[in-house]
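Trainee: whatever this is, show me its structure:
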Amino acid sequence: MGAGAVLLDIGVVGDHNLGRRVINLLQPEALGRLNGLFVGLFFLGGAAGAATVGIAWAWGGWIAVCLIGAACGIAALLVDWTGEAM
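Mentor: Prediction:
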């Protein structure tokens, strides 16, 4: 369980740092505004995720939480596959 937590943390930090790098390269003159928007949306996503899995845990335990995670992953893949290239 400890190794899983460490790997999850590495993934989250890596995703956050790479996301900020991409955002900062989009429009260098708007660096502060874009970075603030990214961090704010990242926080709101985390809060929404925590609320969602809290409800899922109360209703269905680990199975419901895992289904929520899988659904988010599938939704992200679909958005990536159908979206335009940057």
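Trainee: packing partners for the helix or strand of the chain with the lowest mean pLDDT?
Mentor: Least confident helix or strand of the chain, by mean pLDDT, DSSP states H and E, is helix 2-26 with a mean of 88. Where contact means 3 or more C-beta pairs under 8 Å, 6 or more residues apart in numbering; DSSP states H and E, helix 2-26 is packed against helix 31-82. The way it works is simple: take the backbone N, C-alpha and C, and place the C-beta from them, glycine included.
Trainee: quick one: the helix it packs on to helix 2-26, angle?
Mentor: 110 degrees (axes from the mean of the first three to the mean of the last three C-alpha atoms, to 10 degrees).
Trainee: name the helices or strands packed onto helix 31-82?
Mentor: By 3+ C-beta pairs under 8 Å, 6+ apart, helix 31-82 packs against helix 2-26.
Trainee: other residues contacting the helix it packs on?
Mentor: Helix 2-26 has contacts (C-beta atoms under 8 Å, 6 or more residues apart in numbering) with 31, 34, 35, 38, 39, 42, 86.
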